[in-house]
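J.: Pasting the sequence and the predicted coordinates here, then a few questions.
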Amino acid sequence: MTFVDKLQALAQTANRAIKQAKTLDELQELETRFLGRKGELTSLLRGLAEVDEKERPALGSLANEVKVKIESQIVQARVGLSQGEMQEQLHAEAEDVTEPGTRPPEGHLHLVTQAMREITEIFSRVGFVRTRYPEVDWDWYAFEALNMPKDHPARDEWETFFIDAPPSAKMGKVVLTPHTSNAQVREMEQKKFPIRIINMAKCYRRQMDITHVPMFHQFEGLYVDKNVGITHLRGIFDYFVKQFFGPTRQTRLRPFHFRFTEPSFEIDVSCGICDGTTKLPNGEKCRTCKSGWLELGGSGMVHPNVLKAAGLDPEEYSGFAFGWGVERSYMMKEGMQLDDIRTLYKNDLRFLQQF
């Protein structure tokens, strides 16, 4: 077989092999087999040394044509296989847009927000409207208009945070509201009767233990109209306690003294942790109530001086007011078994995700 015959046979063999290649790896192996340093074409070219010297240029040129042709065939085959593999990959990785996806994690309202909405809904059934007054307010609305003159010792129990801001000659200093009672005079100043409001807002006091936090939420109830009596006050309490805490919980009124109500009462609810027994199921003393009762909040008939501060005639108008902590109220709710108010604000998902 002549050198030319060998070149033609090599070209035909390479052409068939390249056409039969199924993968890029097989194509790479064929390129090494035919065109590599130790490939078949290289081995064949070594035989030029035995050919007549005059024929070598023509045979070398022919060998180069065969090499270029094989390279071109490999390039074309590589493009075709690459496109095929890409199509297969795209088909394999195609997403079914009709298949339900993985939903992102969803949060929910904080327990305190849930409590505020529930309390609002309960009072709305008997005509009370949700309002919101400033959480940073003047001393006048937080204390003086509520029958607590400047330097009166009754102010001490509120442990108030004062704001470093210029005071007003009439309104006094600026404070973080220690209670939501600043809503009373602000609402009565509008003189739109009957007044039935629930003011919910943040309050601030320098206290921290299992039943107190420096920032907490309070709801202030106010009902002012002609001929409002203490029986209305008691009726609202009975209604709310039955709706919010459950029919088995007990309440009691204790005479007390508040500067902005007369007469005044503190309202207690039987403890939901120990069921009012002061003892836990394991025999230990209940550290939440210690006595079987938990203080819900303060209440009473609006003091005549407070009515006067709002520009009302106490001989014509009367009313009652109450202020209760949202967090503490929820601690006493049936089935809560929450024995430390600070747990509400620890951002512990193990606790929060239960609600």
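T.: Yep, it's here. Numbering: from 1, shown residues only.

J.: wait, is Lys150 part of a strand?
T.: No. With DSSP: H, G, I helix; E, B strand; the rest coil as the criterion, Lys150 is assigned coil and is not in a strand.

J.: Which residue is the nearest non-sequential neighbour of it?
T.: Of all residues not flanking Lys150 in the chain, Glu144 sits nearest, at 6.8 Å (CB to CB, 6 or more residues apart in numbering). No exception for glycine: its C-beta is placed from N, CA and C like everyone else's.

J.: ditto for Val326
T.: His217 (3.9 Å).

J.: Counting by contacts, list what the helix or strand hosting Leu10 packs against.
T.: Assigned by DSSP states H and E, Leu10 falls within helix 3-20. On a contact count with 3 or more CB pairs under 8 Å, 6 or more residues apart in numbering; DSSP states H and E, helix 3-20 meets helix 24-35, helix 40-45, helix 56-93.

J.: Give me the contacts around it.
T.: Identification of contacts with helix 3-20 by CB atoms under 8 Å, 6 or more residues apart in numbering yields 1, 27, 30, 33-34, 40-41, 44, 47-48, 51, 59, 62-63, 66, 69-70, 73-74, 77.

J.: I would like a PyMOL command selecting only the buried ones among those residues, please.
T.: A single PyMOL command selects the buried members of the contacts of helix 3-20 (16 or more other CB atoms under 10 Å):
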select buried, resi 27+30+34+40+41+44+59+63+66+70+73+74+77
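
J.: what are the ranges of the strands in the stretch 101-250 of the chain?
T.: 129-131, 136-138, 161-162, 174-176, 195-204, 215-225 (DSSP state E, counting those that start in this stretch).

J.: closest to Phe355 out of those?
T.: Closest approach to Phe355 among the strands of the stretch 101-250 of the chain (CB to CB): strand 215-225, 15.8 Å.

J.: From Thr120, how far off is the most centrally placed residue in the chain?
T.: Nearest to the mean C-alpha position of the chain, by CA atoms, centre = their mean, lies Gly107 at 5.4 Å. Separation of Gly107 from Thr120 (CB to CB, to the nearest Å) stands at 21 Å.

J.: ditto for Gly229
T.: 25 Å.

J.: Same drill for these two, tell me which one is more crowded.
T.: A direct count of neighbours by other CB atoms under 10 Å for Gly229 and Thr120 places Thr120 higher, at 15 against 12.

J.: Excluding chain neighbours, what is closest to the more buried one?
T.: Closest to Thr120 by CB to CB, 6+ apart is Arg130, at 4.9 Å.

J.: partners of that neighbour in the sheet?
T.: Taking DSSP bridges as the rule, Arg130 bridges to Ile198.

J.: which ones are touching it?
T.: So, once contact is read as CB under 8 Å, 6+ apart, Arg130 ends up touching Thr120, Ser124, Ile197, Ile198, Asn199, Met200.

J.: show me what contacts the last one?
T.: For Met200, the residues meeting the contact criterion (CB under 8 Å, 6+ apart) are Met116, Ile119, Thr120, Arg130, Arg132, Thr180, His217, Gln218, Phe219, Glu220, Val326.

J.: Neighbour-wise, which one of those residues leads?
T.: Neighbour-wise, those (other CB under 10 Å) top out at Thr180, 29 neighbours.

J.: So it sits against Gly323, correct?
T.: Yes. Using CB atoms under 8 Å, Thr180 is in contact with Gly323, at 5.9 Å.

J.: and for the two, which residues touch both?
T.: Gln218, Phe219, Glu220.

J.: what's the neighbour count on Lys54?
T.: Counted with other CB under 10 Å, Lys54 comes out at 7.

J.: and it, that's in a strand?
T.: No. Looking at Lys54 with three-state DSSP, it is coil, so not inside a strand.

J.: just to revisit the earlier point, how close does the residue nearest to Thr120 get to Gly101?
T.: Taking CB to CB, one finds Arg130 at 38 Å from Gly101.

J.: circling back to that earlier point, now do the contacts for the residue nearest to Val326.
T.: Counted by CB under 8 Å, 6+ apart, His217 has contacts Val112, Met116, Met200, Ala201, Lys202, Cys203, Gly325, Val326, Glu327.

J.: Show me what it bridges to in the sheet.
T.: Bridge pairing for His217 - DSSP bridges - gives Lys202.

J.: Look up how far Ala169 lies from it.
T.: Using CB to CB, which is the criterion applied here, His217 is 32 Å from Ala169.

J.: just to revisit the earlier point, reformat the contacts of His217 into JSON lines and put pLDDT and distance to Lys6 next to each item.
T.: Output for these, formatted as JSON lines (pLDDT from 0 to 100; distance: CB to CB, whole Å):
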{"residue": "Val112", "pLDDT": "88", "distance to Lys6": "91"}
{"residue": "Met116", "pLDDT": "91", "distance to Lys6": "95"}
{"residue": "Met200", "pLDDT": "91", "distance to Lys6": "98"}
{"residue": "Ala201", "pLDDT": "91", "distance to Lys6": "99"}
{"residue": "Lys202", "pLDDT": "91", "distance to Lys6": "96"}
{"residue": "Cys203", "pLDDT": "90", "distance to Lys6": "101"}
{"residue": "Gly325", "pLDDT": "86", "distance to Lys6": "101"}
{"residue": "Val326", "pLDDT": "88", "distance to Lys6": "97"}
{"residue": "Glu327", "pLDDT": "86", "distance to Lys6": "96"}
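
J.: out of these, who's nearest Phe237?
T.: For the contacts of His217, the nearest to Phe237 is Gly325 (15.4 Å; CB to CB).
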